[in-house]
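Undergrad: Any chance you could fold what I've pasted below:
(one chain, ligands or ions: 1)
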Amino acid sequence: MTRTPSHDGAPRDIEALIEIMARLPGLGPRSARRAVLHLIDRRGTLMAPLAATMAKVAETARACFNCGNISTADLCPICADEARAQGQICVVEDVADLWAMERGGAFAGRYHVLGGTLSALDDIGPEDLHIPRLVDRIAGEHVREVILALNATVDGQTTAHYIADALEGTGVSVTSLAQGVPIGGELDYLDDGTISAALKARKAL
Ligand code: ZN
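TA: The predicted model follows:
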């Protein structure tokens with residue numbers, strides 16, 4: 001009798017859970033197996049509340065219709081907060097970058113999440129990045145300054161210049177985070193102090 005070599009002796013449901021967990025960023029099959037064992041050991045205090053919270057967020061999570069931030073309502077807490085209407089919009093590539101800026105605590109305005117960068121290789125154009133929506137917000141929210149906090153990659157910088165061109169004639173000033181964002185570096189990996197410094201020393205594009 002032959003046995004399937006990949007099977008590690010776990011029941012099918014648990015095997016299925018391991019396979020799903022292994023798809024998470026930063027987890028491979030080995031870490032997924034350890035995480036699942038850890039969860040099963042603490043199924044009352046950790047696994048059950050995790051499952052309940054995940055089910056709730058899976059049902060309620062959506063993109064803020066104004067800025068693209070992850071929210072559980074149509075409008076995210078930042079867009080819903082009138083105190084954040086400072087006449088400044090910080091443009092970021094993704095929600096992880098928005099969270100990184102918020103952790104820095106140096107920015108009091110609102111955000112615009114592009115959901116990526118222009119990329120000929122991946123066939124991502126301006127219409128895919130909510131750039132028309134950004135242009136609409138300039139007038140609607142009395143925006144004076146758009147701060148581009150895009151990664152220092154070739155695609156990030158191409159996108160920055162495209163947005164600067166798209167906003168020409170709107171009277172808004174377009175600035176960019178100062179050097180300090182390493183080439184090819186992603187905002188999410190910078191420490192909070194570096195982000196604050198790059199924001200304070202931003203320059204006109
Ligand atoms: Zn929002």
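Undergrad: and the helix or strand bottoming out on mean pLDDT in the chain, what does it pack onto?
TA: Lowest mean confidence among the helices and strands of the chain (mean pLDDT, DSSP states H and E): helix 192-200, at a mean of 78. If you count contacts as 3 or more C-beta pairs under 8 Å, 6 or more residues apart in numbering; DSSP states H and E, helix 192-200 packs onto helix 95-104. Glycine gets a C-beta too; all of them are placed from N, C-alpha and C.
Undergrad: returning to that earlier point: starting at the chain centroid, how far to the next helix or strand after the least confident helix or strand of the chain?
TA: Going down the chain from helix 192-200, the next helix or strand is strand 203-204, by DSSP states H and E. Offset of strand 203-204 from its chain centre (C-alpha atoms, centre = their mean, to the nearest Å): 24 Å.
Undergrad: Neighbouring strands - and their directions - for strand 203-204?
TA: Sheet pairing for strand 203-204, assigned by DSSP bridges, gives strand 173-176 (antiparallel).
Undergrad: Show me the strands in this structure, by range?
TA: Along the chain, counting by DSSP state E, strands occupy 62-63, 70-71, 88-92, 110-113, 145-148, 173-176, 203-204.
Undergrad: Would you check that residue 158 makes contact with residue 118?
TA: Yes. Assessed by C-beta atoms under 8 Å, residue 158 is found in contact with residue 118 at 5.3 Å.
Undergrad: between the two, who's got more neighbours?
TA: residue 118 (21 against 15; other C-beta atoms under 10 Å).
Undergrad: Could you find the closest non-adjacent residue to that one?
TA: Closest residue in space to residue 118, ignoring its immediate chain neighbours: residue 159 at 4.6 Å, by C-beta to C-beta, 6 or more residues apart in numbering.
Undergrad: repeat for residue 10
TA: residue 18 is the one closest to residue 10 (C-beta to C-beta, 6+ apart), at 6.8 Å.
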